[in-house]
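1. build me a model from this:
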Amino acid sequence: MIGWAAATGEVGLASFSLFMLIFFWTLPHIWSLALSARDGNVRADVPTLTATDVRRTTRQHILPYAMALAAAAPQPIAAGIGGPVYALAAVPRNFALLRGMMMNLGVPSMHLMTPSYD
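-> Residues are numbered from 1 along each chain as shown. Predicted coordinates for the structure are as follows:
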């Protein structure tokens, strides 16, 4: 927001919407990377959430941020700085992230939406 204010001379909905995207994206991104690097963190004795706690707990921490990120994703469109390319790329991917997180946590209704190839 500081960079936006320095460049434009104002702080408004556009800068706030970008701030919210970065804020809600950072922790789930770091935690999902930490899930994939969990074994290395355990061997190196690095006390990350994924190394000190079970994977399900980490996923439960990711879910609220993923929900907030999906809610924040359309905000740049409303602020007039996200165009149709952004809308077609960001909004469906955020809902796919939410769906994937719910499936990882075992939310039954999400499994009903997955095609079965049995």
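
2. rounded mean pLDDT for the lengthiest helix in the chain, please.
-> In the chain, taking DSSP state H as the definition, the longest helix is helix 13-36. If you average the pLDDT over helix 13-36, you get 87.

3. ok, and for the helix or strand following that helix, which residues are buried?
-> The C-terminal neighbour of helix 13-36 among helices and strands, as given by DSSP states H and E, is helix 38-43. By 16 or more other C-beta atoms under 10 Å, the buried positions in helix 38-43 come out as 38, 41. For glycine as for every other residue, the C-beta is placed from the backbone atoms N, C-alpha and C.

4. now stretch 86-102
-> 90, 94, 97-99, 101-102.

5. how far off centre is that stretch?
-> 9 Å (C-alpha atoms, centre = their mean, to the nearest Å).

6. repeat that for stretch 69-87.
-> 15 Å.

7. when you give positions from now on, start the count at 44
-> Renumbered: residue one is now 44, and that last one reads stretch 112-130.

8. buried ones in that stretch?
-> So stretch 112-130, judged by 16+ other C-beta under 10 Å, has buried residues 112-113, 115-120, 125.

9. with pLDDT, distance to Ile105 and secondary structure as new columns, can those residues be given to me in CSV?
-> Below are the buried residues of stretch 112-130 laid out as CSV (pLDDT from 0 to 100; distance: C-beta to C-beta, whole Å; DSSP: H, G, I helix; E, B strand; the rest coil):
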residue, pLDDT, distance to Ile105, secondary structure
Leu112, 89, 10, helix
Ala113, 87, 12, helix
Ala115, 91, 15, helix
Ala116, 90, 16, coil
Pro117, 90, 20, coil
Gln118, 91, 20, helix
Pro119, 92, 22, helix
Ile120, 91, 24, helix
Gly125, 86, 24, coil
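
10. among the buried residues of stretch 129-145, which ones are in strands?
-> Applying DSSP state E to the buried residues of stretch 129-145, no entry is found in strands.
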